[in-house]
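# Need coordinates for the below:
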Amino acid sequence: MNKEKLIFLYKLIAIPSFLILIYVIVSFARFSVGESYNIFAPYADTRMAAGYSPDKFDSIKPGMHMMEVQSIIGKPLTDNFDTYTLSTKHEYTGDGKLLHKSSSFWIPDDLAWYYSEVYYNNDSAVVRILKGWRFD
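All right, here's what the predicted structure looks like:
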């Protein structure tokens with residue numbers, strides 16, 4: 001065989017083999033990681049209330065009134081009353097932003113999401129602030 005035929009045969013085998021290898025690597029990474037933290041777009045799977053930002057949320061302090069909190073970060077995504085603790089819980093972020101996007105093999109359906117919750121007492125004063133990453 002001459003040199004040109006060998007080069008052609010090498011290219012004929014190498015290119016599909018490379019593409020298959022890339023597909024296998026991406027498949028393994030996609031399915032082995034599960035619901036992980038995305039370092040390139042951390043909030044990719046986090047639904048956020050209108051006007052919300054993590055920086056604004058960090059400015060919320062215990063003792064603030066509900067109206068003051070809402071003037072800083074806007075209306076919450078959800079508003080719940082806990083009859084056990086007699087407190088109101090406002091959630092400013094939620095899971096599932098990626099569920100509403102078109103699914104693609106290259107984009108995972110579910111990633112870690114950032115939660116931001118504020119609890120108020122009967123006087124509408126902030127008594128507890130919770131925030132962090134959830135991997136569910």
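# my guess is residue 56 meets residue 70, correct?
No - in this structure, residue 56 is not within contact of residue 70 by CB atoms under 8 Å, at 11.2 Å. Glycine gets a C-beta too; all of them are placed from N, C-alpha and C.
# Off-centre distance for the helix-or-strand element of the chain with minimal mean pLDDT?
One helix or strand of the chain scores below all others by mean pLDDT, DSSP states H and E: helix 3-33, with a mean of 75. In terms of CA atoms, centre = their mean, to the nearest Å, the centre of helix 3-33 is found 32 Å from the chain centre.
# Please apply the same query to stretch 118-125.
Once both centres are worked out by CA atoms, centre = their mean, stretch 118-125 turns out to sit 27 Å from its chain's centre.
# hang on, the earlier thing: next structured bit after the least confident helix or strand of the chain?
Note on helix 3-33: by DSSP states H and E, the next helix or strand toward the C-terminus is strand 46-48.
# contacts for that next one?
Contact with strand 46-48 is made by 77, 92-97, 113-114, as judged by CB atoms under 8 Å, 6 or more residues apart in numbering.
# Kindly recompute the last result at 7 Å.
Residues outside strand 46-48 that contact it (CB atoms under 7 Å, 6 or more residues apart in numbering): 77, 92-94, 96-97, 113-114.
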